[in-house]
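K.L.:
my questions concern the predicted model and sequence given below.
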Amino acid sequence: MKNSTHAFLQRRQHRKARHTAKRQAQRRAQRRAAAAEPSRGQAVLYELCKTIHHVFPNLFDQLRQVEDCRQKSDYTLVEILLAGLCCSCFRKAPVTL
């Protein structure tokens with residue numbers, strides 16, 4: 001009787017281990033698939049950049065020609081000008097730096 005109980009417990013343990021491994025593999029696959037797809041925000045930014053380059057092909061070059069008279073800065077002048085431009089286009093409050 002003891003051997004059959006032990007065998008039963010071993011089979012049960014193996015089934016549980018297989019089930020857990022299968023579930024973990026499914027979760028890993030889901031995480032990989034989610035990481036491979038761009039987020040909604042990334043897709044919106046990509047489309048926005050694509051539209052800007054299509055409608056204003058030399059906008060970034062023109063913004064780079066503006067002289068930066070600041071002594072020390074964390075952001076490039078192009079980033080600040082583009083942020084201001086986007087704020088006015090999307091009617092948001094201006095970014096304070």
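P.N.:
That came through fine.

K.L.:
quick one: list the elements packing against the worst-scoring helix or strand of the chain on mean pLDDT.
P.N.:
Every helix and strand in the chain was compared by mean pLDDT, DSSP states H and E; the lowest is helix 77-89, with a mean of 84. Packing partners of helix 77-89 (3 or more CB pairs under 8 Å, 6 or more residues apart in numbering; DSSP states H and E): helix 59-64. (Each C-beta comes from the backbone N, C-alpha and C, glycine too.)

K.L.:
and the helix it packs on, what does it pack against?
P.N.:
Applying 3+ CB pairs under 8 Å, 6+ apart, one finds that helix 59-64 makes contact with helix 77-89.

K.L.:
for the helix it packs on, the distance to its chain's centre please.
P.N.:
From the chain centre to the centre of helix 77-89 is a distance of 22 Å (CA atoms, centre = their mean, to the nearest Å).

K.L.:
any stretches of this structure with poor pLDDT?
P.N.:
Residues of the chain that meet the criterion pLDDT under 70 lie in 1-2, 92-97.

K.L.:
now the helices for it?
P.N.:
For the chain, helices defined by DSSP state H occupy the ranges 2-36, 40-55, 59-64, 77-89.
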